[in-house]
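Visitor: next come a sequence and a model predicted from it.
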Amino acid sequence: MVIIGLFYQLAFRVFKIIGGIFIVLIGFRRITFSKSIIKISMFYTENLALVGILSSFKINTTLFFLMALVAILILLFFEQFKKYYILLANSKYNVIVTQKNKQYKIKAFFDTGNSATSNDGIPIIFLDKKYFNESFEKYQYVMIETVLGNKEEKAYSVDKFEILFNKKKIEKKVMIIFSDIDRDCLLNCTLMI
């Protein structure tokens, strides 16, 4: 009788694990194998965290159950916002602006909201005002759409603009608007197309 009970206990655990894997695979059908492994491990980590909190603290009242549920929701919240910080880290690029034989090595951010172009269709990037000097002479006035409406700005030509991407320098033709921004450089979203 004891052996049969142990067998059913073992079978229950095996089916529980297989069922969890099945749920994750059905829920996330179109992801790669490595992402499937990550999702499965996250599913079991969160599941074990909830069960562990419930059983280790002997939670048998509604108040303690709600506190455990809030702890799990906080874990899920951090898991979701982790993606934002990974995206932010992946949106950083090193760029080199060359003007009159002087190079400026700048950390730039890919700005998905910046699709501004000059009158000639050249992509416009935004550079912090601290990089402006007299060597930037040639410019044209362009109309820029902002959150507050249309605004006319000076877009300066640059001798050379390079993006360092996968250990390669990619040269692009851009125009620069010097502005008071919270980053050193905001790239145009059309530069990566």
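Guide: That came through, no problem.

Visitor: can I see the domain layout of this protein?
Guide: Domain assignment of the chain by automatic domain parsing yields the ranges 26-90, 92-192.

Visitor: tabulate these (JSON lines), appending mean pLDDT and mean neighbour count.
Guide: In this view, the C-beta of every residue, glycine as well, is placed from N, C-alpha and C. Listed next are the domains of the chain as JSON lines, based on pLDDT from 0 to 100; neighbours: other CB atoms under 10 Å:
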{"stretch": "domain 26-90", "mean pLDDT": "66", "mean neighbour count": "11"}
{"stretch": "domain 92-192", "mean pLDDT": "90", "mean neighbour count": "15"}
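
Visitor: which of those sits closest to Ala11?
Guide: For Ala11, the closest of the domains of the chain is domain 26-90, at 18.5 Å, according to CB to CB.

Visitor: now the domains of the chain as a markdown table including distance to Ile17?
Guide: Shown next, in a markdown table, are these (distance: least, CB to CB, whole Å):
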| stretch | distance to Ile17 |
| --- | --- |
| domain 26-90 | 8 |
| domain 92-192 | 39 |
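
Visitor: how about those, which one is nearest Arg13?
Guide: Once the domains of the chain are compared by CB to CB, domain 26-90 is nearest, at 12.3 Å.
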